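Colleague: Got a predicted structure here, sequence first:
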Amino acid sequence: MTNAIRIGSGLGFYGDNWEPVVASIERGQVQFIASDHLAELTLAILQKDRQRDPALSYARDVVPMLLRLWPLMQPRGVRFVCNAGGLNPMGAAQAVQKTLAAAGWHPRIAVVSGDDVLTQLQAPGERFDHMMNGADVASVRERLVFGNAYLGAQPIVDALDQGADIVITGRVADAALFLGPLVHALGWKLADAATPEDFHRLAQGLTVGHLLECSGQGSGGNFGSQGSWQNIPDLAHIGYPIAEVWPDGTTFITKAPDTGGLVNFDTVRQQLLYEVHNPHAYFSPDVVLDMGQIQLHDEGQHRVRLTGAKGSAPTNQLKVVAGFQDGFKAEISWGFSWPDAWDKVQAAESMIRSQLKQRQLPFDELFVEYPGLNSAHGPLAPLPPAAELNERAEIWVRMVLRTRSKAVADGFGRLFPWMALSGPAYTCGFQGLNASSALLGIWPTLIPRDRVQARVEMLEPGA
Amino acid sequence: MTATLLKIPLARIAHARSGDKADWVDFGLFAWNEAGYRLLEREVTAAKVQAHFAPWLPGQVDAWPLPNILAMKFVLHGALQGGGARNLRLDNLGKAMGAALLRLEIDVTAEELEQAQKSPRRGWWPEMSTRT
């Protein structure tokens, strides 16, 4: 009879903090860490890296992270799964291997790839309709720069079955990073799942992945509330969530002892609904989850029992997220001080609009917001009367130009500096005068499962 | 006798988190207890959420009640100008929009408000065991 296994949350995004993972390994009794480095936005960032140097288009924090974690993992037999491979999983794996080898460590590293479907999306005549608005991909085909299918848990299971200590993937469904180790360690059915019980267990595992894939957000971080977030202990030393999963799927969400944060009914359910659309049909490549009967019960301090996830067979399509070039932006932030700060901000904006018109610079949009006043809530945050705003110590304006022309975006900053001497007084803090950046539109679509071939490769030891 | 209705923002009886998926923003809205959940189900319809965000966002709103966890799920279509890598706003991923949902005002009686705020929470909170 297999006992429960414990799996800990790694990073929640490229750039996240890995010190909380140390606590999970040292004191959390975990056998696995699963780490999600890729948001939708991250692939756009990696795509920009790829344009500069194709070798670098992975989430590079995986290297220093494993340099820190591996000496703690190795003596405890903890294994690690991540999607830090981004657009270059083999490159990521080789970088990890090289860095760890230099320190005298030689983990068995597996690479999961096959998610890149860009060439299929680019093939003329193929239909890949936008999942949300139904538009034909032909409208952006020439501008596509990446396209990756969300792989399921099977290749991760295969890599672990082959003895990998570290599994590095490209795009996989976030929750599959967690479901893979659970299927491997608990002997659940995956490709051969047939009965309702098989799918309910997978649904429990998928829920575990969903709750843990955002690191501290599953244990009290970013807890959105008025008057209660202050009662979450010691966020500075937050412990990332850990799941204790039993063979029948029954799960307890917890965290390492002597860490900050909070695991309870409220923090766990807030994460449960995060970035889920229809909660009765949460699609993954491995199982479709219905959250409608999930029960969460506090079983003491920092320990929530999770039961009742219902699963059904997955569809024969995989989700794809593609990105396409969609023009450029340039953004300037600029502050004005009392007196008459508001009137001066308005005058400055008007002068910029006048400059754009006079020079006949083509643009699609000039977006204006006032950081500190309305940038979080837009028109839902009504502005105080102008007289009151004019008495404020300072008001900042942020102007963002969106244009198809890189030259226009690059030149936007040059419309501003003259106003430092010839515009309204008491100004400070121009930011962004030289910065323009490419905008990427996101194209979510579906692809038949049989057109995507996942690959698992074990790196040669010491290579 | 009819009780006087109070207008209160959802923030006083609920908590929320928002996130992005391409061009959509989705929200979880959570009552602190059963009494609060009854108010959410009665007062926070998809139409009201859509009207609340209308000055800002034109898109359709989907809503699902989840009584098993005393929560409601909302999805706002077309809320992110084409997604986080294209959006010009500082809040390009809509992470602050959950708080904007908590600004939505609902009508409750004083008694309903008290029940939604004072009835025991279902979750274990450290301040409830350590503070009196």
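Modeller: Structure's in. What do you need? Here the structure is a predicted model, which means the values were calculated and not measured. Numbers count the residues shown, from 1 in each chain, chains lettered A, B, ... in the order given.
Colleague: backbone phi and psi for residue 51, please?
Modeller: Assuming you mean chain A. phi -70, psi -30 (degrees, to the nearest 10).
Colleague: oops, chain B please
Modeller: phi -60, psi -40.
Colleague: residues contacting residue 49?
Modeller: In the absence of a named chain, chain A is used. By CB atoms under 8 Å, 6 or more residues apart in numbering or on different chains, the contact list for residue A:49 reads A:56, A:57. Just so you know, the C-beta spots here come from the backbone N, C-alpha and C atoms, and that holds for glycine as well.
Colleague: that's the other chain; I wanted chain B
Modeller: With contact set as CB under 8 Å, 6+ apart, residue B:49 has these partners: B:61, B:63, B:74, B:76, B:101, B:104.
Colleague: separation between it and residue A:368?
Modeller: Per CB to CB, to the nearest Å, residue B:49 is found 26 Å from residue A:368.
Colleague: For the closest residue to residue A:374 other than its chain neighbours, report the pLDDT, please.
Modeller: What sits nearest to residue A:374 in space, not counting adjacent residues and going by CB to CB, 6 or more residues apart in numbering or on different chains, is residue A:381, at 4.8 Å. The model reports residue A:381 with a pLDDT of 90.
Colleague: Check the burial of residue A:381 by counting its neighbours.
Modeller: By the measure other CB atoms under 10 Å in any protein chain shown, the count of residues near residue A:381 is 16.
Colleague: re the thing from before, next step: the contacts of residue B:49 restricted to strands.
Modeller: Secondary structure from DSSP state E places B:61, B:63, B:74, B:76 of the contacts of residue B:49 in strands.
Colleague: Pull the most distant pair out of these.
Modeller: Spatial extent of these (CB to CB) is set by the pair B:63 and B:76 at 10.4 Å.
Colleague: Quick check on those two: which one has the bigger neighbour count.
Modeller: When residue B:63 and residue B:76 are compared for neighbours, residue B:76 comes out ahead with 26 against 17, by other CB under 10 Å.
Colleague: The more buried one reaches residue B:53, doesn't it?
Modeller: Yes - with contact defined as CB atoms under 8 Å, residue B:76 reaches residue B:53; the gap is 6.2 Å.
Colleague: Need the residues touching each of these two.
Modeller: residue B:61.
Colleague: now the strands for chain B?
Modeller: Assigned strands in chain B, in chain order: B:5-9, B:14-21, B:24-31, B:61-66, B:71-76, B:105-109 (criterion: DSSP E).
Colleague: want to try TSV for those, with mean pLDDT as columns?
Modeller: Shown next, in TSV, are these (pLDDT from 0 to 100):
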stretch	mean pLDDT
strand B:5-9	96
strand B:14-21	94
strand B:24-31	96
strand B:61-66	97
strand B:71-76	97
strand B:105-109	97
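Colleague: Compute the distance between residue A:206 and chain B, please.
Modeller: Using CB to the nearest CB, to the nearest Å, residue A:206 is found at 16 Å from chain B.
Colleague: Mind pulling up the pLDDT for that residue?
Modeller: On the pLDDT scale, residue A:206 is placed at 98.
Colleague: helices or strands up against the helix or strand encompassing it?
Modeller: In the assignment (DSSP states H and E), residue A:206 maps to helix A:196-212. Judged by 3 or more CB pairs under 8 Å, 6 or more residues apart in numbering or on different chains; DSSP states H and E, helix A:196-212 is in contact with strand A:5-9, helix A:176-186, strand A:241-245, strand A:251-255, helix A:265-272, strand A:288-290, strand A:304-307, strand A:310-312.
Colleague: and the strands of chain B as a markdown table, adding distance to chain A?
Modeller: As requested, the strands of chain B are exported to a markdown table (distance: least, CB to the nearest CB, whole Å):
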| stretch | distance to chain A |
| --- | --- |
| strand B:5-9 | 8 |
| strand B:14-21 | 4 |
| strand B:24-31 | 3 |
| strand B:61-66 | 5 |
| strand B:71-76 | 5 |
| strand B:105-109 | 11 |
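Colleague: Of all those, which one comes closest to residue A:328?
Modeller: strand B:14-21 (21.3 Å).
Colleague: What about the closest residue to residue B:111 other than its chain neighbours, how many residues nearby?
Modeller: Leaving out its chain neighbours, the residue that sits closest to residue B:111 by CB to CB, 6+ apart is residue B:3, at 6.8 Å. By other CB under 10 Å, 10 other residues sit near residue B:3.
Colleague: if we can go back for a sec, right, and the helices and strands packed on helix A:196-212 - which one's nearest chain B?
Modeller: Among those, helix A:265-272 comes nearest to chain B, with 3.4 Å by CB to the nearest CB.
Colleague: Need the residues that contact the closest one.
Modeller: A:207, A:210-211, A:214, A:217-220, A:223-224, A:228, A:232, A:253, A:261, A:291, A:294, A:296-298, A:304, A:306, B:15-17, B:28, B:30, B:32, B:69-71, B:121-125.
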